[in-house]
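Engineer: Return atomic coordinates for the entry below.
(one chain, ligands or ions: 1)
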Amino acid sequence: DATVAVVVVAAGSGARLGAPVPKAFVECAGETILARSLRAIWLLPEPVQVIVVAPAAQLELAGRIARESSAAASAYLSVVAGGQSRQDSVAAGLAELAPGVEVVLVHDAARALTPTEQFERVIAFVRERGHGAVPGLPVSDTVKRVDGQSTVVETVDRGQLRAVQTPQGFPRDHLTTAYARAVMEATDDAGLVTDAGLPVTIVDGDPLAFKITTPWDLRRAEELLAHDSR
Ligand code: C5P
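Structural biologist: Model (predicted):
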């Protein structure tokens with residue numbers, strides 16, 4: 001039985017992408033963003049519980065895409081409705097965790113080109129170290145802190161910064177504890193876990209795990225896929 005679960009959050013509207021359908025159902029090089037994300041997960045070398053969190057109005061479509069994404073899907077798949085915020089959507093997914101699950105990953109469906117190896121790195125780290133792991137990349141731009149008038153206040157030391165991606169992985173109890181005591185909205189899951197006083201370590205990210213947010217990102221994803229058989 002699966003000891004790892006992946007909550008795939010796909011309930012966002014994708015307003016910044018400007019497509020007529022929610023982002024997870026937008027096609028990227030002939031395949032929906034959701035299907036592409038799921039395919040990388042089913043390639044993991046062990047059984048995993050996959051919980052797809054979809055827009056309430058499109059549960060059936062999400063279920064069909066998810067089932068078609070893998071022959072193994074039906075045994076390990078649940079599809080549930082998301083909420084107003086990403087955090088609400090993750091919480092809805094966590095309610096579906098199977099009893100034997102010990103490691104929980106939360107993944108943005110919008111990071112459709114995330115390689116399977118990134119999931120493997122996160123799972124291995126959580127198992128070895130017993131705490132949270134988040135893939136991240138160094139920040140290459142110079143970063144400024146500004147005031148309300150966009151006047152520069154200071155340059156932030158980018159050597160201390162990481163731009164983080166998903167999947168973010170945690171021991172099950174760390175993540176459920178963090179969600180149970182969450183009072184504020186955090187922009188990622190690790191934010192809630194560190195707020196709960198639990199450690200989280202950054203592991204290597206991958207440029208391919210970028211989030212498809214704008215039409216430009218979608219074009220970049222399609223360009224990358226055109227030069228790759230993935
Ligand atoms: O909007 P953004 O791209 O930052 O969302 C990140 C991920 O969270 C996406 O995969 C999106 O579908 C998901 N999400 C969600 N429920 C929401 C908002 C976002 O599942 N209410």
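Engineer: tell me which parts of the chain are close to the ligand?
Structural biologist: Residues of the chain found near the ligand (Cβ under 6 Å from any ligand atom) are 9-12, 23-24, 53, 82-86, 89, 108-110, 211, 213. The way it works is simple: take the backbone N, C-alpha and C, and place the C-beta from them, glycine included.
Engineer: Keep only those of those residues that are in strands.
Structural biologist: Residues of the residues of the chain next to the ligand located in strands (DSSP state E): 9, 53, 108.
Engineer: Between the residues you listed, identify the one with the most neighbours.
Structural biologist: Neighbour counts for these, by other Cβ atoms under 10 Å, peak at residue 53, which reaches 30 neighbours.
Engineer: low-confidence ranges in this structure?
Structural biologist: 73-74, 229-230 (pLDDT under 70).
Engineer: Output the longest helix belonging to it.
Structural biologist: If you go by DSSP state H, the chain has its longest helix at helix 116-129.
Engineer: May I see the buried residues of that helix?
Structural biologist: 118, 119, 121, 122, 123, 125, 126 (16 or more other Cβ atoms under 10 Å).
Engineer: Run through the residues that contact the last one.
Structural biologist: Applying Cβ atoms under 8 Å, 6 or more residues apart in numbering, one finds that residue 126 lies in contact with 103, 132, 133, 169, 170, 171.
Engineer: Backbone dihedrals for the closest residue to the second one other than its chain neighbours, both of them.
Structural biologist: Spatially, and ignoring its direct neighbours in sequence, residue 132 is nearest to residue 200 (3.7 Å; Cβ to Cβ, 6 or more residues apart in numbering). Its backbone dihedrals place residue 200 at phi -140, psi 130, with angles given as degrees, to the nearest 10.
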